[in-house]
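K.L.:
A predicted structure for the sequence below; I have some questions about it.
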Amino acid sequence: MPVVRMKPRRRFRLSPRKLRFTEFKIPHAWLVLLGYLYVPLLILGVLAWGTVAVAQTPTPVPSPVPAPVAPEIDVTVIKESITTITGQAAAVKVAVDTVWVLLCAFLVIFMNAGFAMVEAGFCRQKNAVNILSKNLIVFGISTISFWIFGFAFMFGNGSDFIGLNGFFLAGADNSPATGDAYQGVFSALNWTGVPLSVKFLFQVAFAGTAATIVSGSVAERIKFIDFLLFSFILVGLIYSVGGHWVWGGGFLSGLGFWDFAGSTVVHSVGGWAALMGAAFLGPRLGKYTENGVNAIPGHNLGFATLGCLILWLGWFGFNPGSTMAADPAAIGHIALTTNLAASAGAIAATVTAWILFGKPDLSMIINGILAGLVGITAGCAFVTQVSAIIIGLIAGVIVVFSVSFFDKIKIDDPVGAVSVHLVCGVWGTLAVGLFAAGPGDLYAEDAGPTAGLLLGGGIEQLWAQFLGVIIVGGWVVVVSSVVWLILKAIFGLRVSPEEELKGLDIGEHAMEAYAGFLKEDV
Amino acid sequence: MPVVRMKPRRRFRLSPRKLRFTEFKIPHAWLVLLGYLYVPLLILGVLAWGTVAVAQTPTPVPSPVPAPVAPEIDVTVIKESITTITGQAAAVKVAVDTVWVLLCAFLVIFMNAGFAMVEAGFCRQKNAVNILSKNLIVFGISTISFWIFGFAFMFGNGSDFIGLNGFFLAGADNSPATGDAYQGVFSALNWTGVPLSVKFLFQVAFAGTAATIVSGSVAERIKFIDFLLFSFILVGLIYSVGGHWVWGGGFLSGLGFWDFAGSTVVHSVGGWAALMGAAFLGPRLGKYTENGVNAIPGHNLGFATLGCLILWLGWFGFNPGSTMAADPAAIGHIALTTNLAASAGAIAATVTAWILFGKPDLSMIINGILAGLVGITAGCAFVTQVSAIIIGLIAGVIVVFSVSFFDKIKIDDPVGAVSVHLVCGVWGTLAVGLFAAGPGDLYAEDAGPTAGLLLGGGIEQLWAQFLGVIIVGGWVVVVSSVVWLILKAIFGLRVSPEEELKGLDIGEHAMEAYAGFLKEDV
Amino acid sequence: MPVVRMKPRRRFRLSPRKLRFTEFKIPHAWLVLLGYLYVPLLILGVLAWGTVAVAQTPTPVPSPVPAPVAPEIDVTVIKESITTITGQAAAVKVAVDTVWVLLCAFLVIFMNAGFAMVEAGFCRQKNAVNILSKNLIVFGISTISFWIFGFAFMFGNGSDFIGLNGFFLAGADNSPATGDAYQGVFSALNWTGVPLSVKFLFQVAFAGTAATIVSGSVAERIKFIDFLLFSFILVGLIYSVGGHWVWGGGFLSGLGFWDFAGSTVVHSVGGWAALMGAAFLGPRLGKYTENGVNAIPGHNLGFATLGCLILWLGWFGFNPGSTMAADPAAIGHIALTTNLAASAGAIAATVTAWILFGKPDLSMIINGILAGLVGITAGCAFVTQVSAIIIGLIAGVIVVFSVSFFDKIKIDDPVGAVSVHLVCGVWGTLAVGLFAAGPGDLYAEDAGPTAGLLLGGGIEQLWAQFLGVIIVGGWVVVVSSVVWLILKAIFGLRVSPEEELKGLDIGEHAMEAYAGFLKEDV
């Protein structure tokens, strides 16, 4: 090989002495050393490579398209060809499903950015580092917690109340633990085709969502350590066990309860935990005084708006991805109902706030969009386009009144997380009982709820939905209360009043989010 | 169902009076109550579930790969196998196309975040809430408007001037309304394969883009209600009817006019409406004084830069997605030309601004990228890589001069929307007539324009492009003027001078975007 | 075509003089004029269209599913059917692979937004425009540079040291240049199936990443022109030639060096160049004084956090996309190891910083996530889930100490780019030699490294990894030093002290990023 003759060492040698004299005060010894070591090392490398290179022969270019079947084959060859093609077609189907579910998983994971921006934007700048820190690390904690035991509790085989195998994501791919247990319109066949790693990734993104919801309601006063530990337990235990009842083959699916993408399983679970957190913490200093409710405006509505649009994007993974397969009619319909409900929620909340408060309030537009999205999540695969719009419109109205309601009962939820995720999560779950189209065009018999009360069905589905709401809610309220109380006993839940007034950024993190800007005195 | 006997209504009734009395000291009475109720409810649930569970038997795990054909089959079985596989392969093809179009639709929908960030960043902080509100709700309005009648006007069967069926997205999937009417390189076959819901979602994202363009040019002085109503009409009528002429099988496609992804159909339509809006509104107070043109710097160039990069990302959905099918060679080529033009636009605008103004201006880098992207949109499927670079370079130069030009004629466009979307949209449309490669390697006969003037073709294609620019432009100018004038007569277009000076955030929304920060007096 | 007779040029000529006189009071004369002209033009257009429309007949709706094979076919027809289906299945496979690689390319391209936000957020507001400008234009420069010669140097056929064909992306698709040369687990077959345009787009996104890494370490003091030119050369020459050795069939792949997605090829290449840049520039004024190291806090940790989450998202394109094919098991496993390592890195860095500094530091959470991601990049396809977590944990610890280390040796790296990308890139590359699972479940013989030292293998793989680190590092250190010195001789590297104190935004761009906000005196 002629290249060995190039002797590039001399030509390219770094001259450290020159560097040192010309204002390179740091004659960084180790850089110089590295430079010197480079030459002999390169020689060694080339020698080592030489012994290997001799054996190398050019690889022939593989034909990109499989060779067509030769014309003179007999029936045996035909049979073999059919077997081969059948396997190839099945493999491509799995590939499409995998790409689809991964795409959706990525979008849902990106919702962490949406939550971070919405929650940070709606809080004060003196607590921005704290909120951002919580929303950034929470997905890391969720991943590890769900990997160790959450996924096993939720999707593992076990009893009707809890899954008990698959810890550390160990076990065979396509095991019954994940193969059968997943409830959904297109479940059995498709869910099994996608690799276990992909199923986990999609599901851990959901689990993380539940934890980020809590972050908002407890903002601006909770101790950092409490949130970290609560998230770990919420994702690994509370969310997972409740999820097992619905999506893991547990008793709620047996009761006929349907929640396609998680109005209850994800959003109201996060919402109940968020409500309990806000309740146990109590309101922020100065929020409720003798003069009434004091609005504490968010510090960056650009962040909040961006976050809302990121969440809107993420919901296109959240809802249509819950098919766990690239079923064209289903994923298209779900994406469409999702978008219609979000749009309807935006308009309804805007108009409602305009009427109530006299102005179109940006934070209510944001909440209206999220309300519509949460509201359609349970029924996105089961309802028609018109129903989706109605569900979204009602969610958009509800959320505005809900925000006022929680202020009235002095539950201080800085970002409206309880109103959006819990209240609209409950609404969306019940809406399945009202608006489900019934088996037929949209979904097959036994693959979804019976027709809703308003669409010619009876009260049965609505009752099942109501049961599911109550049972899951009770579970989360009780267990999360226990966890909050334990944390309170060990660490205390709340930062000191001095720290709260000064801002958690200094107290908890010794940083500020906007160095160099002048701010109002806190 | 035994559950009906539970009568939970009484047990769970929320007692608001009690809530009021306890003042929600922790533990909140009703939460505790809920906790107590939880256990008996759970027992009931388990009992109810028990009756169901008995009937449940474990589902066998489905094999992920279809069983290979047995070796002893006869020819009849072979034929059946072939029929089956043929159907499967076709279904997988539809699945891939659907995933692709949905991915692109999501990216285009995410462009709303890009527009929100660019436009907010380029305006003053006192108007940030207003801009963000407009850019957030506009996609909700667009969705509803396009769902009710926009899609029907654009893609429904009807005359050569307007579509007249498919309102409320009703009608059969794969109807002629959407099956035949879509013009594109790979249209007929592929466009029909994707479900109607997916087609709608992709197209509504485009429609929304046209409306967001207007938002920028009318910023910082328009009344909120005017923008909402104008957007509704623009998307539902003006954009849709114009789009029918080109993409819905209307008379412009018959004239041989080609606009692959919407330099004219989307960008210049939005741009003309934006121009008329800016003209009817007049300039912002203090923009043009006796001392000349006063620069009004944007308040957050971080937002603007982020928005530009989000738009760049979104354009990878906008242009390659317009194939409406995952045709590998086509989508790869289009993504590549799109990226090359954006890069060339960035460099050209940077250099141009550096020469003209003496400094590399960040807002011009942003505008240069967007100019390159708008410029390549019409021809992305029809031109070579080198042509794409030339188109982008010229767009990057044009946009810098155009921004100065509109200031000279005192059209005040705070974010440069007219220069980017109208001027470069016109340029990109004409560029098809100059640079189209002609049928052959890139596209088939009758699936794209004849060769452009600079690539061995005659003047015909350029002339057809020119006609399309003028006809669509005339339509938008006339109808949008009528709409602006009607809105002006009813509501007035412009906020009061006092409100404008104080900022629209307080006047229109009673909020501020950056609470807690100290700002310069306005 | 009758349209040629329309001669619209005269009718539409814009009269600038008229414009000047009317001063654009509404109604603007020319706009009105346009309106009047519109009607006759429309009539003309309709007439023109009429002559064409007559010839148009409605296209029949194509059936979305290919017609099943008729039952009475003979064996010859069967053979033809099989040939057809085989081709279709192969085409669909290519389509899935193409969609997957494009999706990943888009995600990696979007990492530019992530880098822009992280780097801008970690710098001071007085230099924000400068950082944003660099990070925005750098991908445009990278695209053009990689298109002209980078891709040819990296993947073209040539010697074992440099590729020498395929300049301007010319040449046949699926050429040996890209067909054979790409090293990877699933390389030969799959890489060849995807169109050349798609390969380029994915690879140019990688090349751009290397350049953005440099941007951070040289921030707040480098001249804009120097960065632009350095980026052009880094992408076109330094990165590409080094990459050829590993991914382009060069001598390092012959040595048994494995770097699946670029811990060395991308991150440490960018990191070494970043290190040399920071070294040649010297520290920012006031960073190291007699009082020790002065922390210079970033101005927008919201941006930094958002950027980190965008990068996390982008890495799901970076690592799993490096398969260049939608291989379900592989892309799922890689996405999972990537996510586990990021999560582990986040937790490790948080805990480490908490212990060392007494507080959980947000910038260290960010760096920990990025450290985990960089660390897993080389081995993501080769290591188990548990190994991925260990690699991420160690990376998260390393990065905290590394940041302190570089401050100790007075290399001023404002955003920690060297610690994240160089140090953890080296760690990740060596980790392959420690943790590689060996051929078997995860990858085939000859498609990845031999088992690592800690998993039953010998020292061989670790030695090969070490060699690769040293050789690539030496190359980058030497050549980038030469380039930096040449730039220094021609332009000078550093802005004047006055400009640095005042901020580069005014000095280099005559703009400020946050007009209207009050800031601390600089």
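P.N.:
On my side now, so go ahead.
K.L.:
Which stretches in the stretch 201-350 of chain A count as helices?
P.N.:
For the stretch 201-350 of chain A, applying DSSP state H, counting those that start in this stretch gives helices covering A:224-233, A:239-247, A:251-254, A:269-281, A:301-318, A:328-357.
K.L.:
Out of the ones you listed, which is closest to residue B:359?
P.N.:
Residue B:359 lies closest to helix A:301-318 among the helices of the stretch 201-350 of chain A, at 25.9 Å (C-beta to C-beta). Yep, even glycine has a C-beta here, placed from its N, CA and C like the rest.
K.L.:
Show me how far the closest one is from its chain's centre.
P.N.:
Centroid displacement of helix A:301-318 relative to its chain, using C-alpha atoms, centre = their mean, to the nearest Å, is 12 Å.
K.L.:
Quick one: mean pLDDT for that helix?
P.N.:
With pLDDT averaged residue by residue, helix A:301-318 scores 98.
K.L.:
Identify the residue of the stretch 1-150 of chain A closest to chain B, quick one.
P.N.:
Nearest to chain B, among the residues of the stretch 1-150 of chain A, is residue A:83, at 4.2 Å (C-beta to the nearest C-beta).
K.L.:
I misspoke; the intended subject was the stretch 351-500 of chain A.
P.N.:
For the stretch 351-500 of chain A, C-beta to the nearest C-beta, closest residue to chain B: residue A:474, 3.2 Å.
K.L.:
Which elements pack onto the helix or strand hosting that residue?
P.N.:
Residue A:474 belongs to helix A:460-491 when assigned by DSSP states H and E. Packing partners of helix A:460-491 (3 or more C-beta pairs under 8 Å, 6 or more residues apart in numbering or on different chains; DSSP states H and E): helix A:224-233, helix A:239-247, helix A:251-254, helix A:269-281, helix A:424-435, helix B:8-12, helix B:29-53.
K.L.:
Ends of stretch A:435-445, what's the gap?
P.N.:
Start to finish, the residues bounding stretch A:435-445 are 16 Å apart (C-alpha to C-alpha, to the nearest Å).
K.L.:
Which residues does that stretch contact?
P.N.:
A:185, A:258, A:330, A:333, A:379, A:381-384, A:387, A:390-391, A:446-452, A:454-457, A:461 (C-beta atoms under 8 Å, 6 or more residues apart in numbering or on different chains).
K.L.:
Low-confidence stretches in chain A?
P.N.:
The model of chain A has pLDDT under 70 over residues A:1-73, A:171-192, A:522.
K.L.:
Distance check, residue A:416 against chain C.
P.N.:
Applying C-beta to the nearest C-beta, to the nearest Å, the value for residue A:416 to chain C is 19 Å.
K.L.:
May I have the residues that are in contact with that residue?
P.N.:
Contacts of residue A:416 (C-beta under 8 Å, 6+ apart): A:122, A:216, A:363, A:367, A:399, A:403.
K.L.:
change it to 10 Å
P.N.:
Residue A:416 is in contact with A:118-119, A:122, A:216-217, A:363-364, A:366-367, A:370-371, A:399-400, A:402-403, A:406, A:423, counting by C-beta atoms under 10 Å, 6 or more residues apart in numbering or on different chains.
K.L.:
rewinding a little: how near is the residue of the stretch 351-500 of chain A closest to chain B to chain C?
P.N.:
Residue A:474 sits 31 Å away from chain C, going by C-beta to the nearest C-beta.
K.L.:
How about residue A:261?
P.N.:
Using C-beta to the nearest C-beta, we find residue A:261 at a distance of 20 Å from chain C.
K.L.:
Just to check, that residue is in contact with residue A:331?
P.N.:
No. Judged on C-beta atoms under 10 Å, residue A:261 makes no contact with residue A:331 at a distance of 11.6 Å.
K.L.:
what touches both of these two?
P.N.:
Common neighbours of residue A:261 and residue A:331 (C-beta under 10 Å, 6+ apart) are A:319, A:320, A:321, A:322, A:323, A:381.
K.L.:
just to revisit the earlier point, check which helix or strand covers the residue of the stretch 1-150 of chain A closest to chain B.
P.N.:
Assigned by DSSP H and E, residue A:83 belongs to helix A:75-122.
K.L.:
mind listing what residue A:340 touches?
P.N.:
By C-beta under 10 Å, 6+ apart, the contact list for residue A:340 reads A:372, A:376, A:380, A:383-393, B:140, B:143-144, B:147, B:169, B:200-201, B:204.
K.L.:
taking those residues one by one, which sit in helices?
P.N.:
Counted as lying in helices by DSSP state H, out of the contacts of residue A:340, are A:372, A:376, A:385-393, B:140, B:143-144, B:200-201, B:204.
K.L.:
Filter those residues down to the buried ones.
P.N.:
Buried members of those, counted by 16 or more other C-beta atoms under 10 Å in any protein chain shown: A:372, A:376, A:385, A:387-393, B:140, B:143-144, B:200-201, B:204.
K.L.:
returning to that earlier point: output the helices of the stretch 201-350 of chain A in JSON lines; the columns should cover distance to residue A:439.
P.N.:
Below are the helices of the stretch 201-350 of chain A laid out as JSON lines (distance: least, C-beta to C-beta, whole Å):
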{"stretch": "helix A:224-233", "distance to residue A:439": "38"}
{"stretch": "helix A:239-247", "distance to residue A:439": "19"}
{"stretch": "helix A:251-254", "distance to residue A:439": "16"}
{"stretch": "helix A:269-281", "distance to residue A:439": "27"}
{"stretch": "helix A:301-318", "distance to residue A:439": "24"}
{"stretch": "helix A:328-357", "distance to residue A:439": "14"}
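K.L.:
winner for burial among those?
P.N.:
The highest mean neighbour count among the helices of the stretch 201-350 of chain A, using mean count of other C-beta atoms under 10 Å in any protein chain shown, belongs to helix A:269-281: a mean of 29.
K.L.:
what helices or strands is it leaning on?
P.N.:
Judged by 3 or more C-beta pairs under 10 Å, 6 or more residues apart in numbering or on different chains; DSSP states H and E, helix A:269-281 is in contact with helix A:196-217, helix A:224-233, helix A:239-247, helix A:417, helix A:424-435, helix A:460-491, helix B:29-53.
K.L.:
try 8 Å this time
P.N.:
If you count contacts as 3+ C-beta pairs under 8 Å, 6+ apart, helix A:269-281 packs onto helix A:196-217, helix A:239-247, helix A:417, helix A:460-491.
K.L.:
Comparing these, which comes out most buried?
P.N.:
Mean neighbour counts for the helices and strands packed on helix A:269-281 (mean count of other C-beta under 10 Å) peak at helix A:417, with a mean of 31.
K.L.:
how far away is residue A:307 from chain B?
P.N.:
9 Å.
K.L.:
isn't that residue right next to residue A:115, touching?
P.N.:
Yes. If you go by C-beta atoms under 8 Å, residue A:307 and residue A:115 touch, sitting 6.8 Å apart.
K.L.:
from the stretch 301-450 of chain A, which residue is nearest to chain C?
P.N.:
Here the residue of the stretch 301-450 of chain A nearest chain C is residue A:303; by C-beta to the nearest C-beta that distance is 5.7 Å.
K.L.:
before we move on, what about the stretch 351-500 of chain A?
P.N.:
Closest to chain C within the stretch 351-500 of chain A is residue A:499: 12.2 Å, counting by C-beta to the nearest C-beta.
K.L.:
Do I have it right that that residue meets residue A:507?
P.N.:
Yes. Using C-beta under 8 Å, residue A:499 is in contact with residue A:507, at 3.5 Å.
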